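Colleague: build me a model:
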Amino acid sequence: MKKAKPIIWGLTIIAFGVLFGGHALGLFNFDIFFEGWWTLFIIVPSAISLITEKERLTSLAFLSAGVLLLLAAQNVFSYDVAWKAILAVSLILIGISIIFRSTFHSKNDKEVEKKVKDLKDDGKMEAQVAVFSGSDRAYKKEVFSGANLTAIFGGVELDLRDAVFNKDTVIKAFCMFGGIEVMVPKDVNVKVRSGFAFGGVSDDRKDIPEKAKYTIYIDAGGGFGGITISDKDGKK
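Modeller: Purely as a prediction, here's the structure:
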């Protein structure tokens, strides 16, 4: 569905343009600045993400929050009630996420979990920690044996595009209110096990190899954050 995302965004913007233009020309009555119009900046992106993204619980949480705030702005109930309802919905969705991820495991999740157990103690795993800060690490013709990445209110960038791989490796990644980007070579496979509450892993690689000699197994988790996998320049 990622390929459809730009199309959906384009159609949404066109629809708003038609409504605004039609109102300006007097063809029909439509006031874009209705009470609570600002909630559209929460509702519309969340609704599109709910359709196009794999991690839907986060999108559903923000969509619910946007709708509740819109109803409060329309005086259906007070903002105090809206915020309490948002907290309740968030807790329910987090609980559902925990139960679902602990009960239902895909074949890929089981494979990554097994590989993590088998490989995490096989060699030195370098640690990168960013707490209210940033951490960048680039491997230049160095052997990569694995990594522990932690981002809490911060950002971590790990560049493996010029790293040397002698075997399958593991990356343990934890992200809370932060972001992690892992840049990988185009000839290395990547398999991910994700355990996020309100967040997720985005695979933005342009070239995904059909066959690869080595695999990076990423065991990712956290909340209110995201991990990006790419094969191109990140922040640089």
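Colleague: element containing the nearest residue to D203 once chain neighbours are set aside, please.
Modeller: Among residues not flanking D203 along the chain, I229 sits closest, at 4.8 Å (Cβ to Cβ, 6 or more residues apart in numbering). C-beta coordinates here come from the backbone N, C-alpha and C atoms, glycine included. Using DSSP states H and E, I229 maps to strand 215-230.
Colleague: now do K140
Modeller: strand 134-143.
Colleague: coming back round to it: correct me, but the residue nearest to D203 touches N189?
Modeller: No. Taking contacts as Cβ atoms under 8 Å, I229 lies outside contact range of N189: 11.2 Å.
Colleague: neighbour count winner among these two?
Modeller: I229 (21 against 16; other Cβ atoms under 10 Å).
Colleague: name whatever forms a beta bridge with that one.
Modeller: V182, D203 (DSSP bridges).
Colleague: relative to K124, how far out is it?
Modeller: 22 Å (Cβ to Cβ, to the nearest Å).
Colleague: same thing with V81?
Modeller: When V81 is compared with K124 (using Cβ to Cβ), they lie 53 Å apart.
Colleague: so for the two, which residue has more residues nearby?
Modeller: Neighbours per residue (other Cβ under 10 Å) separate V81 from K124, with V81 holding more: 13 against 10.
Colleague: so who does the more buried one touch?
Modeller: Listed by Cβ atoms under 8 Å, 6 or more residues apart in numbering, the contact partners of V81 are A72.
Colleague: helix or strand for it, which one?
Modeller: helix 79-103.
Colleague: so for K235, what's the pLDDT?
Modeller: We have a pLDDT of 45 for K235.
Colleague: next: N75.
Modeller: In this model, N75 carries a pLDDT of 92.
Colleague: check A82 too.
Modeller: In this model, A82 is scored at 92, pLDDT.
Colleague: re the thing from before, ok and whichever helix or strand comes after the strand holding K140 relative to strand 215-230, angle-wise?
Modeller: Using DSSP H and E, the helix or strand that follows strand 134-143 in sequence is strand 147-152. Put simply, strand 147-152 runs at 30 degrees to strand 215-230, going by axes from the mean of the first three to the mean of the last three Cα atoms, to 10 degrees.
Colleague: low-confidence ranges, the chain, go.
Modeller: 1-5, 30-32, 53-55, 97-123, 197-198, 233-236 (pLDDT under 70).
Colleague: so how far is the host helix or strand of P6 off the chain centroid?
Modeller: In this assignment (DSSP H and E), P6 forms part of helix 5-24. The chain centre lies 26 Å from the centre of helix 5-24; the measure is Cα atoms, centre = their mean, to the nearest Å.
Colleague: for the spatially closest residue to G222 that is not a sequence neighbour, name its beta-bridge partners.
Modeller: Using Cβ to Cβ, 6+ apart and skipping the chain neighbours, the partner closest in space to G222 is C175 (4.0 Å). Beta-bridge pairing of C175 under DSSP bridges involves A151, G222.
Colleague: surely C175 meets G226?
Modeller: Yes. Contact criterion Cβ under 8 Å: C175 and G226 qualify, at 6.7 Å.
Colleague: ok, the two, which is more surrounded?
Modeller: C175 (27 against 20).
Colleague: distance of that one from R137?
Modeller: Counting by Cβ to Cβ, the gap from C175 to R137 is 16 Å.
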